[in-house]
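Need a 3D model of the sequence below.
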Amino acid sequence: MKCAAAAVLLAALLTAACANVRYDLAGVPFPVMATASPAGAPAGVPFEVKQKYILWGYGLFGESQPDVAGALRSDGAPTAAVTDFRVAASANLWDWLGTHLSLGLVRLRTVHVRGVRVPVATPAK
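Model (predicted):
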């Protein structure tokens with residue numbers, strides 16, 4: 001009986017501690033594509049934005065999600081599209097250290113938002 005209770009508790013903790021980065025790009029006023037820029041398109045400017053994802057108390061007390069759409073709009077430069085779009089979450093040394101010093105109560109991840117920002121084409125005079 002104790003073994004079954006321990007298995008249920010372990011399963012509950014594992015499912016509560018799942019870390020999923022969710023983002024919604026509906027508020028971005030330009031197209032965002034995972035594919036590379038098409039041939040003949042204007043050259044884009046690569047960018048990378050780092051944000052934090054935090055899971056509080058094994059996920060039982062919520063999480064702090066990064067604002068991926070805000071990161072795409074943050075530059076303020078006129079943008080026609082974003083191509084080669086990637087979002088990856090990983091833990092660096094400081095994230096690992098913070099997670100383990102808090103005994104796992106605060107789980108830290110660094111979220112990397114990468115892509116190529118294609119500028120708005122200006123008409124030739």
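
give me every residue that touches residue 30.
Neighbour list for residue 30: 79-82 [criterion: C-beta atoms under 8 Å, 6 or more residues apart in numbering]. Using the backbone N, CA and C atoms, a C-beta is placed for each residue, glycine as well.

now do 6 Å
The neighbours of residue 30, taking C-beta atoms under 6 Å, 6 or more residues apart in numbering as the test, are 79, 81.

just for the chain, where's the confidence low?
For the chain, applying pLDDT under 70 flags the ranges 8-19, 40-42, 75-76, 123-125.

now the helices: where do they sit in it?
For the chain, applying DSSP state H gives helices covering 2-16, 68-73, 93-101.

residue closest to the middle of this structure?
Nearest residue to the geometric centre of the chain (C-alpha atoms, centre = their mean): residue 111, 4.3 Å.

mind listing what it touches?
21, 51, 53, 66, 89.

rerun at 8 Å
Here residue 111 is in contact with 21, 50-53, 66, 68, 87-89 (criterion: C-beta under 8 Å, 6+ apart).

Residue 63 now?
Applying C-beta under 8 Å, 6+ apart to residue 63 gives the contacts 19, 53-56.

Most neighbours among the residues you listed, which one?
The residue in the contacts of residue 63 with the most neighbours, by other C-beta atoms under 10 Å, is residue 55 (24 neighbours).
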